[in-house]
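A.B. asks: have a look at this fold, sequence not included:
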C-alpha cells in the first residue's frame, strides 16, 4: 500500500494497493478527477437535485476518498458517510492526504454490506458503490439481497450508483443489472464506446432509481466530456443488457479479473 506523488503536479497523489491504482486525488483542487470513470460518477452527482445544494451521500468503499472530496467541494454542507473496512487505508490517507476541515465526511470502519444494513430508511440521496478487493468487486455487494437493502436506504427520488467492470458479452454486468431491476424501477448505464463495443475490458457505471432518471442532460454532458462516453437510457439497457438471472447470496461471485491482473487499472 503506497501513496505515490505526481511528478507534474505537487498537490496530486495516487493511492496504490496491491498493484492497483485505487484513487487519485488533487489536494489543491478536489474537482480535478484523473480517472475517467470518476468523472462519470461526478457528472451524475452534479445533475442530481439543485446544483450546489447539499446532499446526503453514502460511499461504499473509500480508499483516498476522491468522490467524497469532490462532493464536499461542489456541495458544501453535504452529510457524507464512507463505509471503508480497511482501517489501515483510512489511517494512511488521514495522515498523508488529510481531508479538508469541516468536510462533513465521516468514515466508518465497516464493510459495505454490514454498514448499509444499519442505515435507516431513506437515509441517502445518493449511494455510490465503488468498492474493490484488489481489482475485483466483492461478491456480496452485487446480489439481489443487497439491492433490496440498498433500495430501502436510498430515498424515493434518490440514486444508486454502481461502478462495475466487465467486458463483452458482459455476463457479470447482466446478472448485476437483473438484480438491480428487482429492487429499482429505473436504470441507466454509461461507459466508453470501446467498452460497449466489446473492444476492451472497462468500467461500466450503472445508475438506478425508483424515479425517472434525467439521462438526456447527462448524455449531452457525456458527449462534450474530455473523455467522451455513451449513455444508455432505460429502454436500451433492457434491450441490450438485462438478460440472465440475478446473483444471490447463495451463488454470487466477484467481478471478473481484469486482463493482465491487478496492474490493468494502473
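C.D. replies: That came through, no problem. Since this is a predicted model, take the numbers as computed values, not measurements.
A.B. asks: which residues does residue 14 contact?
C.D. replies: 3-4, 6, 21, 23-24, 34 (CB atoms under 8 Å, 6 or more residues apart in numbering). Bear in mind the C-beta positions are built from the backbone N, C-alpha and C, glycine included.
A.B. asks: who does the helix or strand hosting it pair with, and is each partner parallel or antiparallel?
C.D. replies: Assigned by DSSP states H and E, residue 14 belongs to strand 12-17. If you go by DSSP bridges, strand 12-17 pairs up with strand 2-5 (antiparallel), strand 20-26 (antiparallel).
A.B. asks: hmm, back to that, who wins for neighbours among the contacts of residue 14?
C.D. replies: residue 23 (25 neighbours; other CB atoms under 10 Å).
A.B. asks: show me which positions of stretch 185-204 end up buried.
C.D. replies: 186-192, 195-196, 201-204 (16 or more other CB atoms under 10 Å).
A.B. asks: farthest pair in those residues?
C.D. replies: 186 and 201 (26.8 Å; CB to CB).
A.B. asks: please report phi then psi for residue 128.
C.D. replies: phi -110, psi 120 (degrees, to the nearest 10).
A.B. asks: and residue 88, by the same measure?
C.D. replies: Torsion angles, degrees, to the nearest 10, at residue 88: phi -70, psi -40.
A.B. asks: over to residue 136?
C.D. replies: Per degrees, to the nearest 10, the backbone of residue 136 is at phi -130, psi 150.
A.B. asks: average pLDDT for stretch 221-233?
C.D. replies: Averaging pLDDT along stretch 221-233 gives 90.
A.B. asks: just stretch 259-266 next, same as before
C.D. replies: 54.
A.B. asks: same question, stretch 180-191
C.D. replies: On average, stretch 180-191 scores 97.
A.B. asks: same deal with stretch 131-139?
C.D. replies: 90.
A.B. asks: can you count the residues close to residue 44?
C.D. replies: Residue 44: 22 neighbours (other CB under 10 Å).
A.B. asks: what's near enough to touch it?
C.D. replies: Counting by CB under 8 Å, 6+ apart, residue 44 touches 159, 161, 205, 207, 218.
A.B. asks: and which of those residues is nearest residue 234?
C.D. replies: So of the contacts of residue 44, ranked by how close each gets to residue 234 (CB to CB), first place is residue 207, at 10.1 Å.
A.B. asks: now that closest one: which helix or strand?
C.D. replies: strand 202-209.
A.B. asks: can you list contacts of the helix or strand that comes right after that strand?
C.D. replies: Later in the chain than strand 202-209, the nearest helix or strand by DSSP H and E is helix 215-223. Helix 215-223 has contacts (CB under 8 Å, 6+ apart) with 40, 43-44, 47, 188, 190, 228-231, 233-234.
A.B. asks: report the buried residues of stretch 88-108.
C.D. replies: 89-90, 92-93, 97, 99, 103-105, 107-108.
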